[in-house]
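Engineer: Output the structure for:
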Amino acid sequence: QVQLVESGGGLVQTGGSLRLSCAASGTILKINRMGWYRQAPGHQREAVADITGDESTTYADSVKGRFSVSRDHAKNILYLQMNNLKPEDTGVYYCNGDILAIGPISRTEYWGQGTQVTVSA
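Structural biologist: Numbers count the residues shown, from 1 in each chain. Model prediction:
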């Protein structure tokens, strides 16, 4: 089927930067929207940023001007460039994809396993 695998998380100081990647693989026919979500301890998972097939992007108010989402369509990789990180950005970041796959043909929402981002004060 389809797998989403995130990478790039880690520990960074306030004001630092990280770039997350999410590689999609498997029997992919078409990737529609892809996005990033995060979940901090004791909080619900929240949307951070997403990007559609025609490159339209949406951001949470809390990350506007600091985060940038992009896609490499040829390699099926989603990126999240995070600049000027703050302690409140700490959490597990998940990749999400609205993907049309074959075997049989189906359109499904997939999730990665998550990558930890920790921003120290």
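Engineer: Report the central residue of the protein.
Structural biologist: Central residue of the chain (CA atoms, centre = their mean): W36, 2.9 Å from the mean position.
Engineer: From what I see, that residue and Y93 are in contact.
Structural biologist: Yes. Between W36 and Y93 there is a contact at 5.9 Å, judged by CB atoms under 8 Å. Heads up, the C-betas are built off the backbone N, CA and C, glycines and all.
Engineer: thinking again about what came up before, three-state assignment of the closest residue to the residue nearest to the centre of the chain other than its chain neighbours?
Structural biologist: Nearest residue to W36, sequence neighbours excluded (CB to CB, 6 or more residues apart in numbering): V48, at 4.4 Å. Under DSSP: H, G, I helix; E, B strand; the rest coil, the three-state class of V48 is strand.
Engineer: tell me the contacts of V48?
Structural biologist: Going by CB atoms under 8 Å, 6 or more residues apart in numbering, V48 touches 35-38, 59-60, 63, 67, 80, 93.
Engineer: Inside strands: which ones of these?
Structural biologist: 35-38, 59, 67, 80, 93 (DSSP state E).
Engineer: Find me the pLDDT at the residue nearest to W36, would you?
Structural biologist: V48 is assigned a predicted lDDT (pLDDT) of 98.
Engineer: Contact partners for the residue nearest to the centre of the chain?
Structural biologist: Neighbour list for W36: 20, 22, 47-50, 69, 78, 80, 93-96 [criterion: CB under 8 Å, 6+ apart].
Engineer: now G91
Structural biologist: Taking CB under 8 Å, 6+ apart, one finds 38-41, 43, 116-117 in contact with G91.
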